[in-house]
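Novice: Let me see the structure of the following:
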Amino acid sequence: MITWFPIVVTFVVAGVIVLVMTSASRMFGPRSPHTRIKGEAFECGNPPSGPAWGRFSVRFYLTAILFLIFDVEVVLLIPWGVEIRRLGVFGLVDALIFITVLIVGLIYAWQRGAFDWD
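Specialist: Predicted structure coming up:
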């Protein structure tokens, strides 16, 4: 039970902070009626150019997925870098294989046109 105590305290403190901030915002925050202008989509200070439910190109999602994949895989290299002396040659070869797979995946995505914005 004692090992869970700090975790429980953290969750309780976080919950209290959320409740206090939400309550303070509702009690002291400015209130203005909902107007037509307030309900419009905001596009970096420019007037809206179309409906808010417009479709995005699949390339936006593809770029986001590729970023997540390569970002997560690069993060997996951090523990290897910390323990490189202890892992020795086996760890070096293993990391080089991992990096090679990353590079092959990057080249494949590049050749398939995943990074072209035409």
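
Novice: measure the most centrally placed residue in the chain to residue 62 for me?
Specialist: Note on the chain: the residue nearest the mean C-alpha position is residue 68, at 7.5 Å, using CA atoms, centre = their mean. Per CB to CB, to the nearest Å, residue 68 is found 11 Å from residue 62. All C-beta spots, glycine's among them, are computed from the backbone N, C-alpha and C.

Novice: what is the mean pLDDT for stretch 28-41?
Specialist: Stretch 28-41 carries an average pLDDT of 77.

Novice: any low-confidence regions in this protein?
Specialist: Applying pLDDT under 70 to the chain picks out residues 1, 41-43, 45, 47-48, 50-52, 118.

Novice: Same question for residue 32, what's its three-state structure.
Specialist: Per DSSP: H, G, I helix; E, B strand; the rest coil, the secondary structure class of residue 32 is coil.

Novice: Who are the contact partners of it?
Specialist: By CB atoms under 8 Å, 6 or more residues apart in numbering, the contact list for residue 32 reads residue 38.

Novice: returning to what we had before: and the residue nearest to the centre of the chain, that one's in a helix?
Specialist: Yes: according to three-state DSSP, residue 68 belongs to a helix.

Novice: mind checking how far it is from residue 75?
Specialist: On the measure of CB to CB, residue 68 and residue 75 end up 11 Å apart.

Novice: ditto for residue 81
Specialist: Distance of residue 81 to residue 75, given as CB to CB: 11 Å.
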